[in-house]
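*Asks:* How does the following fold in three dimensions:
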Amino acid sequence: MRRIKVCGDDLLSVDIAKRRKRAAIAQSLRDSGEWIECVEGMACVVVQFDSAVTSVLDARQRLATQLRAEVPRKRQKSTSIEIPVCYGGEFGPEFESICEILGLTADEVIRIHTSHEHLVDLIGFTPGFAYLSGLDDDLRVPRLTDPRQRVAAGSVGIAAGYTGLYATAGPAGWPLLGRTPMPLLITDVRSPFVLTVGMRVKFTAIDEQTFYSLAAK
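*Replies:* Okay, the predicted model is just below:
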């Protein structure tokens, strides 16, 4: 039986290591309609309950019962998306320093970053911010020692083995490689962000002229 941990007055957490299993359980809990919110973490699923009407003990028992139930094993179609990125210049203020730190040329950094398929592991930090695994080990750099107060929406950063995409403007502690002109925030209130957990992402390099041309559409 999975261990259920209390992590707040109205929050419960259960560790689930495998991403696909985590996604299936999270979706099953959402579909039950018994939780205010259900969020996937890097290695866990967190549910929120109404503490005004449900005690922690009752919530734990309810969650334990749902976890014991067989989770429907639906074969979910993995969604892929291609994201254009303009690397360096005003869009990637740390691009040159990243090249220097890694001892790579600009073309090499772009080639490595665009040659791999990335996977959206987590959405969080700021609204729609996506943590993507799959970053090549040759592109591992530390976070900024002095984070920015604000970066533009669409900024693409790397740090600690991940690529980070900023769906909205906000604070940033990741070195920025570039920016995408592709809107990552859409108007559908039920699913306002383009990227979701489990989505596969492939980056493609574009020049500045193409960036502004796509941004104007």
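
*Asks:* Excluding residues flanking it in the chain, which one is nearest Arg30?
*Replies:* Nearest-residue entry for Arg30: Cys38, 4.8 Å, with adjacent residues in sequence omitted and distances by C-beta to C-beta, 6 or more residues apart in numbering. (Each C-beta comes from the backbone N, C-alpha and C, glycine too.)

*Asks:* part of a helix, is the one you found?
*Replies:* No - checked against DSSP: H, G, I helix; E, B strand; the rest coil, Cys38 lies outside a helix; its state is strand.

*Asks:* what bits of the protein have low per-residue confidence?
*Replies:* Across the chain, the ranges flagged by pLDDT under 70 are 1, 70-78, 188-190.

*Asks:* for it, what spans make up the strands?
*Replies:* 4-8, 11-15, 37-40, 44-48, 80-87, 117-123, 130-133, 148-151, 155-159, 162-165, 170-172, 176-179, 200-205 (DSSP state E).

*Asks:* Pick the most buried one from these.
*Replies:* Among the strands of the chain, strand 176-179 has the highest mean neighbour count (mean count of other C-beta atoms under 10 Å), at a mean of 26.

*Asks:* Just give me how far that strand sits from the chain centre.
*Replies:* 16 Å (C-alpha atoms, centre = their mean, to the nearest Å).

*Asks:* pull the CA atoms of it into PDB?
*Replies:* Extracted C-alpha coordinates of strand 176-179, given in PDB (Å, rounded to 0.1, in the frame of the first residue of the first chain):
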ATOM      1  CA  LEU A 176      18.100  32.000 -20.800                       C
ATOM      2  CA  LEU A 177      19.100  30.400 -24.100                       C
ATOM      3  CA  GLY A 178      16.400  32.100 -26.200                       C
ATOM      4  CA  ARG A 179      12.700  32.800 -26.700                       C
END
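
*Asks:* coming back round to it: select, out of the strands of the chain, the one closest to Ser213.
*Replies:* Closest of the strands of the chain to Ser213 is strand 80-87, at 10.4 Å (criterion: C-beta to C-beta).

*Asks:* partner strands of the closest one, parallel or antiparallel?
*Replies:* Strand 80-87 has its sheet partners listed here by DSSP bridges as strand 176-179 (antiparallel), strand 200-205 (parallel).

*Asks:* what angle separates it from strand 117-123?
*Replies:* With axes from the mean of the first three to the mean of the last three C-alpha atoms, to 10 degrees applied, the angle from strand 80-87 to strand 117-123 works out at 100 degrees.

*Asks:* Ramachandran coordinates for the residue of the chain most remote from its centre?
*Replies:* If you look at how far each residue of the chain sits from its centre, by C-alpha atoms, centre = their mean, the farthest one is Val53, at 32.4 Å. Backbone torsions of Val53, given as degrees, to the nearest 10, read phi -120, psi -10.

*Asks:* And it, how far from Arg30?
*Replies:* Taking C-beta to C-beta, to the nearest Å as the measure, Val53 falls 19 Å from Arg30.

*Asks:* gap between stretch 35-55 and the chain center?
*Replies:* With C-alpha atoms, centre = their mean, you get 19 Å for stretch 35-55.

*Asks:* ok, back up a step: now the strands paired with strand 80-87 in CSV, with distance to Ile112?
*Replies:* CSV is the format used below for the strands paired with strand 80-87 (distance: least, C-beta to C-beta, whole Å):
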stretch, distance to Ile112
strand 176-179, 11
strand 200-205, 10
